[in-house]
Each structure stands twice: as C-alpha cells, then as structure tokens.
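I'd like to go over a predicted model; first the sequence, then the structure.
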Amino acid sequence: MLTDYHSHLEKGTLTLDYLKQFTDQAAQKNIEHFGISEHAYHFYETKNILSNPWVDERRYYAMDDYTALFHEAWDNGIDVKMAIEMDYTPGKHKEMADFIHSYPFDYVIGSVHWIGDFGIDLSDYLHEWENRNLHDIYRGYFDQVVTLAESNLFDIVGHLDLVKIFKYIPVDEDFLLEQFDRATTALSNSRTCVEISTAGLRKPIGELYPDPRLLQMCYDKKIPIVLSSDAHVPGDVGADYDKAVEFAKLAGYKELMTFNKGERKAVPLG
C-alpha cells in the first residue's frame, strides 16, 4: 500500500472540484491513503500561535470553511483524510494543543519552517544564509525537532531535514550526525512518525527528505514512516514514488503507518 499524507490546496481554492483533482491523481497513482494537510498559518484561528509579517499576509482561511469542505467530500463518497500541517512554534505548546484538539483531524503534521524570525525554506530569506552561522542554524533547527517530538502533539514530522533545502550543509560530518542522532532519539521516544518526502527532488537540494543516514537512524530506532509528496498542485501528488519506495526499502522498512481519526495502523509497504 501507499500513502500520501502531505498536500496543499493553497494554490487553488477550497472547493470540491479542486480537491477532487488531488484525489483523482492519488487514485491514478494507486495511493490508497491520501490526505490534505493545509498550512495552519493560513487560518485565522492560528494567529495566536504563529504571527509575523510574512505569515500574516497569507492568513485568509477560516477553519469552518476547511472542515465543511471535507464533510462535502465525504458526503460525495470521496475518500480523503482531513489534516493540518502546523509550524512547530516553541513556547506555544498549549495554544497548539488547543487548536489541534478543537478539530477532528485524521492526523497532524508538525514541521519546522522558522528559526525565530528566519524562514529557512523561503526564497525571501535566502540572503540570511550568508549572514548567519551555519552550525547555529542547524543546531537551532534540530533543537526544535527534538522538542517537537517531545511534545507528542503531532502524528508526523514533516520533511525531517528541510534545513538542507538550499544546499547549505555543514562539512563537519560529526556535527551533522550528532544532530541526526539527537533528533531520532527524541522521535523514537515519541509517537511521531517520519515522512519520506519526494518534495526535496523538486527543490534546490534535489534529493529526498530525509538524508539516507538520517533515515537509517530512523529505521534502526524503530521510528515508523509514511510516504508524502508535499504536493502544492495536483500533478505532484505521488510524484517520484518509485524512488521513495526504493529508498524506504533500502533502509529496511517493510511497513507504512496509516491514520484514521487519530487511530493508527501499520500496513505493508508496496
């Protein structure tokens, strides 16, 4: 079986017709478990969790409209999971928990996109990579992955090593492996799964998330996985899944985790 639990409607509309373009593509790719996980920062209800000028310009949805869309889909016999991708925000655990528990999500993705006021995956902030210490960026990023895992608020951690997106990678391998090790140790002690994401193949880094050494640590520490495309347009649903499946099996994985209204179940990878 295959999953694609990470996708976004933000480049289109919150309409059944647009959502169906995603689910149709998933069906064509033989993806049995598919979900939409819109960015939480787009919703008015999350302003008390994450607020900065870049985010606030892009806050234009109401959760009532989002949940109504899924009910419409289900009423029309469309099998799609309702989820959210939250920017993990240190110091906002209560606010994140209150938001998560207010809606019947099938699962929740937690991702690290911000280190303080630095949007690490945004081209608008690309110049900052030359102005900051690379080790500090990586240490700060994986500090958040650790506390994200420790929070146990999330079912899945998104694109585990997103910090490599623009090819800024420490040359000190010992330092890098130390970050990988402490992140995977925290994840292994949590209920959080890791996604193998094909989105990195469409980014400057040009490779899957996570790094092969990082994925191997995940397998060795018995951290479950899902497959995701992080599709922002329908055509990217299930993109490059042949590479993702091969990558997972090479690390030793034989199962994927699936989610339904917060319940989880392992299924054969295939």
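Perfect, I can see it now. Numbering: from 1, shown residues only.

CA atoms for contacts and neighbours, from now on please.
Noted.

Would you map the strands across the stretch 101-250 of the chain?
For the stretch 101-250 of the chain, the strands identified by DSSP state E, counting those that start in this stretch occupy 107-111, 114-115, 118-119, 156-157, 193-197, 225-228, in order along the chain.

name the helices or strands packed onto the first one?
On a contact count with 3 or more CA pairs under 8 Å, 6 or more residues apart in numbering; DSSP states H and E, strand 107-111 meets strand 81-87, strand 156-157.

Turn those strands into JSON lines, including mean pLDDT, mean neighbour count and distance to residue 139.
Formatted as JSON lines, these follow (pLDDT from 0 to 100; neighbours: other CA atoms under 10 Å; distance: least, CA to CA, whole Å):
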{"stretch": "strand 81-87", "mean pLDDT": "98", "mean neighbour count": "24", "distance to residue 139": "18"}
{"stretch": "strand 156-157", "mean pLDDT": "98", "mean neighbour count": "26", "distance to residue 139": "17"}
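
looking at these, which is closest to residue 214?
Using CA to CA as the measure, strand 156-157 is the one of these that comes nearest residue 214, at 13.3 Å.

Give me the pLDDT for the spatially closest residue to residue 117 that is not a sequence neighbour.
Leaving aside its chain neighbours, residue 117 sits nearest to residue 52 (7.8 Å; criterion: CA to CA, 6 or more residues apart in numbering). Here the pLDDT value assigned to residue 52 is 96.

Measure how buried residue 52 is and give me the count.
Residue crowding around residue 52 was assessed by other CA atoms under 10 Å; the count is 9.

next one: residue 133
Once other CA under 10 Å is used to define contacts, residue 133 is seen to have 10 neighbours.

Please determine how far it is located from residue 174.
Separation of residue 133 from residue 174 (CA to CA, to the nearest Å) stands at 17 Å.

roughly how far apart are residue 255 and residue 180?
Per CA to CA, residue 255 is found 22 Å from residue 180.

Residue 194 contacts residue 158, doesn't it?
Yes. Counting by CA atoms under 8 Å, residue 194 sits close enough to residue 158 to count as a contact (6.9 Å).

Would you mind saying which of the strands of the stretch 101-250 of the chain lies nearest residue 27?
Shortest distance between residue 27 and these, using CA to CA, is found for strand 225-228: 14.5 Å.

List just the one of the helices and strands packed on strand 107-111 that sits closest to residue 184.
When the helices and strands packed on strand 107-111 are ranked by proximity to residue 184, the top entry is strand 156-157, at 11.1 Å, counting by CA to CA.

Which neighbours in the sheet does the closest one have, and how are they oriented?
Note on strand 156-157: by DSSP bridges, its sheet partners are strand 107-111 (parallel), strand 193-197 (parallel).

Show me where this structure has its helices.
With DSSP state H as the definition, the chain shows helices at residue ranges 16-28, 53-56, 63-75, 93-100, 128-131, 134-151, 173-188, 212-220, 241-251.

picking up where we left off before, which among the strands of the stretch 101-250 of the chain is found nearest to residue 237?
Evaluated with CA to CA, the strands of the stretch 101-250 of the chain place strand 225-228 nearest to residue 237, the distance being 8.3 Å.

Look at the residue nearest to residue 42 when sequence neighbours are not counted and say how many residues are nearby.
Ranked by CA to CA, 6+ apart and with sequence neighbours excluded, the top spatial neighbour of residue 42 is residue 59, at 4.1 Å. The burial metric for residue 59, expressed as a neighbour count using other CA under 10 Å, is 18.
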